[in-house]
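K.L.:
Predicted model, plus sequence, below.
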Amino acid sequence: MPFEWVLALRFLREGRMQTALIMAGTTVGVAVIIFITALVNGLQASLATRTLSTQAHVTVRAPDDAPTPVLDRSGRAVASHVEPRVQRLRSIDQWERVFRELPSQAHVVDISPIATGSGFAFRGNASKSVAILGVMPERYDRIVKVADKLTAGHYRIGPGEALIGIELAKDLGAAVGDRIRVLSSENREDVFRITGLFDLGVKDLNRRWVIMPLRSGQSLLNLPGGVTHIDLTVDDIFVAEAVAGRIASQTGLTAESWMAVNTQLLTAFKNQTMTTRTVRLFLVLIVALGIASVLVVSVVQKQREIGILRAMGASPRRIMQVFLIQGGIVGGTGALLGSGLASVMVYAASFALRQDDGSPLLSGGIELSYYLTAALVAVFTGLLAAVAPARRAARMDPVEAIRYG
């Protein structure tokens, strides 16, 4: 074993109490860093899953109608005021081609065409304003997992059949097997038999949505063969905005991500991430100061030994390496022990922390990147904290160190 390693290990063994305390501090710091990261990411994933379970990650639709300005022969606008145009219900131009091309986009997982608009649902003397959703059942269930949220009936949407929310069923006094009449804003109507009731966890959606076959929605909304939206999901919710921007630039359509729609949720995610980074920064500083203080004390205690080594021909560089190795050993050992402690903490939290539905807030597993990041931070912090004591030891005059050590 090299001379520097032998001396570094000997110094650590001789100050066992100091070494144990600083390694304990490093271990706890690494464990807390990993645990907080896993906890915050688990909270974000849970919140995102609950919020985005009722909507697509990216929605593609036709661009808004824009008023045509009045120009003179020189190309200058002559109208002093331009009235905004009323937005009419219209289909995406050549949506079949767009539908075929979108799956080839990076990060896109599932895709579903939708014909949606407003209308009224009637049963007897009861009537309610509703949102008509004409969908392809199998494809739409991959976007919004309605089948998992049924409280009664079956996920079956055939011709003349529809799914409605539990609040709308209560308002209409309807149950599975009953029939309702739906009148669209285009003054077209049809009768549907209720095959299932769903609870999406959002009262407004439970009170308004009527999910029917795509052809029925197209007929009611007077969109023969057309769709108003194309919904899609991505493999990473945080790249949704980039995917939406790329789709908009390539197709000329309007593409909105969940980030643009749920700005408050995105702000909450950013605040959580900033808080986590701040806590981790202070933990790193505490660990660094602890390692540095112990090594400074070690330098003071070992002045005579350092002076003797210098007098015997040990170079300042080799002396400096001894204390850098000590810092690396403390950081590395703390990273290993801290990773083990973090695993125990996360595993225990997976049983202790539960959501409202009884499911665990944390999965009990930790991504490998958390361990690697924490280990790198611990080792780097140990080396960085050892720089000042190592330089002080390297600059010692051997005569003075032996005389006053």
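P.N.:
Nice, I can see it. Numbers count the residues shown, from 1 in each chain.
K.L.:
Provide the secondary structure category for residue 120.
P.N.:
Under DSSP: H, G, I helix; E, B strand; the rest coil, the three-state class of residue 120 is strand.
K.L.:
what's the closest non-adjacent residue to it?
P.N.:
residue 183 (4.8 Å; CB to CB, 6 or more residues apart in numbering). In short, each C-beta sits where N, CA and C put it, glycine included.
K.L.:
Give the helix, strand or coil label for that neighbour.
P.N.:
Under three-state DSSP, residue 183 comes out as strand.
K.L.:
burial measure for it, as a count.
P.N.:
17 (other CB atoms under 10 Å).
K.L.:
How about the contacts made by it?
P.N.:
119-122, 189 (CB atoms under 8 Å, 6 or more residues apart in numbering).
K.L.:
That one pairs with what?
P.N.:
Beta bridges link residue 183 to residue 120, residue 189 when assigned by DSSP bridges.
K.L.:
for this protein, which spans come out with low pLDDT?
P.N.:
1, 3, 11, 65-88, 297-304, 306, 309-311, 313-314, 354-365, 392-405 (pLDDT under 70).
K.L.:
repeat that with 50
P.N.:
Applying pLDDT under 50 to the chain flags no residue at all.
K.L.:
Run through the helices of it in chain order.
P.N.:
Remark: helices assigned in the chain by DSSP state H are 3-14, 16-52, 95-101, 137-143, 166-172, 203-208, 214-220, 240-251, 258-261, 263-301, 303-311, 316-352, 368-394, 398-404.
K.L.:
Turn the ones you listed into a markdown table, columns for mean neighbour count and distance to residue 193.
P.N.:
Listed next are these as a markdown table, based on neighbours: other CB atoms under 10 Å; distance: least, CB to CB, whole Å:
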| stretch | mean neighbour count | distance to residue 193 |
| --- | --- | --- |
| helix 3-14 | 16 | 78 |
| helix 16-52 | 18 | 31 |
| helix 95-101 | 15 | 28 |
| helix 137-143 | 18 | 15 |
| helix 166-172 | 19 | 13 |
| helix 203-208 | 17 | 19 |
| helix 214-220 | 21 | 12 |
| helix 240-251 | 18 | 36 |
| helix 258-261 | 18 | 33 |
| helix 263-301 | 16 | 37 |
| helix 303-311 | 18 | 90 |
| helix 316-352 | 20 | 44 |
| helix 368-394 | 20 | 51 |
| helix 398-404 | 14 | 94 |
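K.L.:
among the ones you listed, which is nearest residue 159?
P.N.:
Evaluated over these, closeness to residue 159 peaks at helix 214-220, with 7.0 Å, by CB to CB.
K.L.:
who does the closest one touch, helix- and strand-wise?
P.N.:
Contacts defined by 3 or more CB pairs under 8 Å, 6 or more residues apart in numbering; DSSP states H and E place helix 214-220 against strand 108-123, strand 126-135, strand 189-198.
K.L.:
could I get those strands as JSON lines with distance to residue 167 and mean neighbour count?
P.N.:
What follows is the helices and strands packed on helix 214-220, written out as JSON lines (distance: least, CB to CB, whole Å; neighbours: other CB atoms under 10 Å):
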{"stretch": "strand 108-123", "distance to residue 167": "12", "mean neighbour count": "20"}
{"stretch": "strand 126-135", "distance to residue 167": "9", "mean neighbour count": "20"}
{"stretch": "strand 189-198", "distance to residue 167": "10", "mean neighbour count": "19"}
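K.L.:
can you tell which of those strands is closest to residue 254?
P.N.:
Set against residue 254 and scored by CB to CB, the helices and strands packed on helix 214-220 come closest in strand 108-123, at 14.5 Å.
K.L.:
what packs against the closest one?
P.N.:
Against strand 108-123 (3+ CB pairs under 8 Å, 6+ apart) you get helix 95-101, strand 126-135, helix 137-143, helix 166-172, strand 179-184, helix 214-220, strand 229-234.
K.L.:
need the ones you listed in TSV with distance to residue 273, can you?
P.N.:
Output for the helices and strands packed on strand 108-123, formatted as TSV (distance: least, CB to CB, whole Å):
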stretch	distance to residue 273
helix 95-101	34
strand 126-135	34
helix 137-143	27
helix 166-172	35
strand 179-184	44
helix 214-220	39
strand 229-234	19
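K.L.:
Nearest to residue 329, out of these?
P.N.:
Nearest of those (CB to CB): strand 229-234, 43.7 Å.
K.L.:
Return the distance of the nearest residue to residue 55 once chain neighbours are set aside relative to residue 101.
P.N.:
Nearest residue to residue 55 in three dimensions, chain neighbours excluded: residue 258, at 6.3 Å (CB to CB, 6+ apart). Separation of residue 258 from residue 101 (CB to CB, to the nearest Å): 21 Å.
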